[in-house]
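1. Everything below, folded, please.
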Amino acid sequence: MLLILLSICVILVVWLIFRQSNKDYWKKLNVVQVNDLFMSFLLGDRSIAEIYKEVYDSHPNEPHVGSFMMTKPTLILRDLQNIQAVLNTDFESFSSRGINCNDNDLLADNVVFISDYQRWKTIRQKLTPFFTSSKLKIMTNVIKECARDFVEMVKQNKEMREKPFTALYTYTTATIGASVCGIDTQMKNTMQSPFLEMSWKSLEPSTITDIKFAISTLSPTLFKLLKLKIFGEHEEFFIGVMKKMLAARRNDPHNISDFIGLCVELQKAGPMKDKSNDYELEPTDELLAAQAFFFFLAGTDTGANTMHFTLLELASNPDILQRLHKEIDQVFEETNGEVTYDVIDKLVYLDMVVNETLRKFPPLGALQRECVRNTVLPVGNLKVDRGVTVVIPTYAIHTDENFFPNPEKFDPERFAPENAAYFPKYGYMPFGEGRRICLGSRYGRIQVLSGLAYLLRSFTLKPQNYTPRFQKSSFSLRDTNSKYDLILRKNM
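-> From the prediction side, this is the model:
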């Protein structure tokens, strides 16, 4: 802690010097420039997504706005064609997320955080088979068991009804744990996940985490010198658990459908090889543990927040809730309460409701990329130098009235099948877009729809008015303190 505090003092001095020497970086390129955004975040009480939205909304006639994240020149994109270039057509110029991690931070060596293009590409190729339709069908059965246990937990535990976000987080953590490791037959209830505390701590916004990211942004050299770790406190538990499970599964390969089974198969096959060249990567226990950790990073908090915001909006829109109850009841009666992979597609209106939630409250309020080679954006013909951070302000785009009229209104009809053709390309991207689009987006859809379907089959919501009060967060949109009253439905 003392080293971190001393580092902050050094960083502030360096930042002040930089601010003077490079203060007109964007002005020299004829780009509208605003004050340092990360300092606004550190010293304020808003989420970074709200700060980006304020900049986005304040410059409606600009294709982009320049700023800084500490010492890094940062470009906030407004034009969808430029966003497409960054995420897809010119992807190799923006392949990095721009998150600096140390080699000793073992859990950060995953497909979410990895900046090394070749390493990321090889690992992603090997993880993709885990999300095929056949695998997802099997995982839907696992999620179904978790959803049933989740509803029983809510019914029997008054405390969970008083802390709804905690209940939802327990459910999403349990589903990820069961999908990664399989269901423990010795466990009476799938909600008893050993990963709950670890997952909660790793994703809860904190000042220390914000400071670590500030150091990594301002001085990657200092960050590496101090050997700082983003997820260091979870290594002993998580890697230890993964090593034990991998060892046990090698001796008793009873389930190859979960992620542990895939890991065992990868290790049996030898070095992981890129299909397009001779690059090889050894599938060590530590590397595979980091990829398992990625599932918790990508699926617990995002899934719980999506369900949470959906329920908050349903409580505020009784007519939508009533129509949704009707659909869920009809599907459950037709299928005898079995929500399988194929049944998910029958929940059309629920899917529309969740899609509208993802529009108003995207899991990540912004996407970040780092330019890794000099390039030029198509709109504005702006030269972007290597090292520049590029921000795609998802929350701002999703609430832009030019793309979504009356954006503050919760309107699932926007996502009716007949309206899909009118969506602007790269104007709706709750799971990202392009070649770094979220690997588990289809899994996340099943997780959220299943949990909500089972919950709303048994519970309804007391009407209320909801006004978002986002927590300070450097990544996501969160409002975990808001509540709603879950009321047990009659005869259910």
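
2. any idea how far G66 is from K27?
-> 8 Å (CB to CB, to the nearest Å). In short, each C-beta sits where N, CA and C put it, glycine included.

3. Which one's more surrounded, those two?
-> G66 (22 against 11; other CB atoms under 10 Å).

4. shaky segments in the chain?
-> Within the chain, the segments meeting pLDDT under 70 span 1-21, 183-188, 200-206, 210, 214, 217-219, 253-257, 492.

5. Please list the outside residues in contact with stretch 114-124.
-> 92, 95-101, 110-111, 272-274, 279, 281, 287, 291, 370, 372, 439 (CB atoms under 8 Å, 6 or more residues apart in numbering).

6. Those residues in strands, which ones?
-> In strands, defined here by DSSP state E, the members of these are M272, K273, L281, E370.

7. Give me the distance between the last one and V391.
-> Note on E370: its distance to V391, by CB to CB, is 10 Å.

8. what about these two, which has more around it?
-> V391 (25 against 20).

9. contacting residues for that one?
-> Contacts of V391 by CB under 8 Å, 6+ apart are Y52, T74, L75, I76, L77, A366, L367, Q368.

10. if we go to 7 Å?
-> Applying CB atoms under 7 Å, 6 or more residues apart in numbering, we find V391 in contact with Y52, T74, L75, I76, L77, A366, Q368.

11. in which helix or strand would I find it?
-> strand 389-392 (DSSP states H and E).

12. Off-centre distance for that strand?
-> 16 Å (CA atoms, centre = their mean, to the nearest Å).

13. Among the contacts of V391, which ones are in helices?
-> Y52 (DSSP state H).

14. are any of the contacts of V391 buried, and which?
-> Y52, T74, L75, I76, L77, A366, Q368 (16 or more other CB atoms under 10 Å).

15. so which of the residues you listed comes closest to K227?
-> Q368 (23.6 Å; CB to CB).

16. okay but that closest one is in contact with R97, surely?
-> Yes - in this structure, Q368 is within contact of R97 by CB atoms under 7 Å, at 5.8 Å.

17. Can you name the next helix or strand after the strand holding V391?
-> Following strand 389-392 toward the C-terminus (DSSP H and E): helix 394-398.

18. Alpha carbons only: can I get that next one in PDB?
-> Coordinates of each C-alpha in helix 394-398 appear next as PDB, following Å, rounded to 0.1, in the frame of the first residue of the first chain:
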ATOM      1  CA  THR A 394     -21.900   2.300 -25.900                       C
ATOM      2  CA  TYR A 395     -24.200   3.800 -23.300                       C
ATOM      3  CA  ALA A 396     -24.200   7.200 -25.100                       C
ATOM      4  CA  ILE A 397     -24.900   5.600 -28.500                       C
ATOM      5  CA  HIS A 398     -27.700   3.400 -27.100                       C
END
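
19. packing partners for it?
-> helix 48-58 (3 or more CB pairs under 7 Å, 6 or more residues apart in numbering; DSSP states H and E).

20. any residues touching the helix it packs on, and which ones?
-> Residues contacting helix 48-58 (CB under 7 Å, 6+ apart): 34, 37, 40-41, 65, 76, 78, 365-366, 391, 393, 395-396, 399, 470, 474, 477.

21. Just want the angle from the helix or strand just after it to helix 48-58.
-> Counting by DSSP H and E, the next helix or strand C-terminal to helix 48-58 is strand 64-69. Counting by axes from the mean of the first three to the mean of the last three CA atoms, to 10 degrees, strand 64-69 lies at 150 degrees to helix 48-58.

22. tell me which residues in strand 64-69 are buried?
-> Buried-residue list, strand 64-69, by 16+ other CB under 10 Å: H64, V65, G66, S67, F68, M69.

23. related to what we said a few turns ago, dump the buried ones among the contacts of V391 to a markdown table, plus distance to E233.
-> Formatted as a markdown table, the buried ones among the contacts of V391 follow (distance: CB to CB, whole Å):
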| residue | distance to E233 |
| --- | --- |
| Y52 | 29 |
| T74 | 29 |
| L75 | 34 |
| I76 | 33 |
| L77 | 35 |
| A366 | 26 |
| Q368 | 24 |
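
24. ok, A49 to G299 distance?
-> A49 is 20 Å from G299, by CB to CB.

25. Repeat that for S179.
-> Where G299 is concerned, S179 sits at a distance of 8 Å (CB to CB).

26. likewise N491?
-> For N491 relative to G299 (CB to CB), the value is 33 Å.

27. quick one, which of these two is more surrounded?
-> G299 (24 against 4).

28. Nearest residue to the more buried one in space, ignoring adjacent ones along the chain?
-> I176 (4.8 Å; CB to CB, 6 or more residues apart in numbering).

29. on that earlier part again, just the buried ones out of the contacts of stretch 114-124, please.
-> 95-101, 110-111, 272, 274, 287, 291, 370, 372, 439.

30. So which of the residues you listed are in helices?
-> Per DSSP H, these map to helices at L287, Q291.

31. which one of the buried ones among the contacts of stretch 114-124 is nearest A304?
-> L439 (18.8 Å).
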